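Novice: Whatever this is, show me its structure:
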Amino acid sequence: MTQYKTVFISDIHLGSIACKYDELLSFLKTLENNPPESIYLVGDIIDLWKLSKGFNWRPEHNVILQKLLRLSRKGVQIRYVVGNHDEYFRSLPDGFHFGGIEVANHFDFISVTGDRYLVIHGDQYDTFLIQNDLIARLGSFAYDLLVVANSVLSFVRRKLHMPYWSMSHYLKIKAKAATRIVDTFETTMCEAIRLRGYDGVICGHIHLAKAMTTPSGFKYFNCGDWTESCTAIIETHDGRIEILYHKTSKDNA
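Specialist: Prediction:
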């Protein structure tokens, strides 16, 4: 039996300097050794915003795509949900496939326990993004610079044998405006999708891994990202759905 039944990954941002490709390659290796039945790529996998500006595509980014295609050839069902950073793929026809990977704006997912989830990137419910697209794009580049600064800080902390600490994650959590935006995003999304008859949602977009159940019983899971937290949502064979925090040897250095 495979270690996980289903894996959900979002916000890899291939083509961005923020992409933690080493950590993702380490995680994909564990999946190659013990493949799940299904993998959902929940948006912003390839960062076309950055690539359109001539940003950073590394050989390791090719290896990540090759590993995903290899998993598909091994029989893992892989579905690619389009996000806002790879939104150009939204013009593809329904049912489009490449290398056995199906591409769509969203998918339905039925869990082991019979709950029906909408798998969607989530930018469609981000009212700030919808109203401030230009600011959001500029903020994306500023975020990359912050991640680079955080990488330097992390290197120093590792040398001093201090635990990992994310400056950008800390600022995001502490900033009241950002907290309000996240709260609005979660509330708007959960209520809208609950009214469509779903039991829950599995999304990405805001780079904050989270698992919660609302007072109405609606379930919300956010995959997090592979630019800072290196998290995924996994479903086990006994029906548990939870956040997976991927750890590498560097985390313990």
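Novice: Every contact and neighbour count from this point should use C-alpha atoms.
Specialist: Noted.
Novice: can you pull out the strands in the stretch 51-200 of the chain?
Specialist: Taking DSSP state E, counting those that start in this stretch as the criterion, the stretch 51-200 of the chain contains strands spanning 77-81, 96-98, 101-104, 106-110, 116-120, 200-203.
Novice: pLDDT (mean, whole number) over the third one?
Specialist: Okay, so that is strand 101-104. The pLDDT scores in strand 101-104 average 94.
Novice: just checking, what packs against that strand?
Specialist: With contacts defined as 3 or more CA pairs under 8 Å, 6 or more residues apart in numbering; DSSP states H and E, the packing partners of strand 101-104 are strand 77-81, strand 96-98.
Novice: what residue ranges in the chain score low on pLDDT?
Specialist: 1-2, 52-55, 128-178, 248-253 (pLDDT under 70).
Novice: residue ranges of the helices in the stretch 51-200 of the chain, please?
Specialist: Secondary structure of the stretch 51-200 of the chain (DSSP state H, counting those that start in this stretch): helices at 59-73, 127-131, 133-159, 167-174, 176-194.
Novice: just to revisit the earlier point, quick check: which of the strands of the stretch 51-200 of the chain is buried the most?
Specialist: Across the strands of the stretch 51-200 of the chain, averaging neighbours per residue (mean count of other CA atoms under 10 Å) puts strand 200-203 on top, at a mean of 27.
Novice: residues in contact with it?
Specialist: With contact meaning CA atoms under 8 Å, 6 or more residues apart in numbering, strand 200-203 is reached by 10, 42, 115-122, 190, 193-194, 218-223.
Novice: make it 6 Å
Specialist: When contacts are defined by CA atoms under 6 Å, 6 or more residues apart in numbering, strand 200-203 is touched by residues 117-122, 218-222.
Novice: Pull the most distant pair out of these.
Specialist: The distance between the two most remote of those (CA to CA) is 17.5 Å, for 121 and 218.
Novice: Of those two, give the one with the bigger neighbour count.
Specialist: Ranked by neighbour count (other CA atoms under 10 Å), residue 121 and residue 218 place residue 121 first, with 28 against 17.
Novice: Pull the contacting residues for the more buried one.
Specialist: 42-43, 83, 203-205.
Novice: Widest-spaced pair of those residues?
Specialist: Across those, no pair lies farther apart than 83 and 203, at 9.9 Å, counting by CA to CA.
Novice: still on that earlier bit, tell me the one among the contacts of residue 121 nearest to residue 60.
Specialist: residue 43 (19.1 Å).
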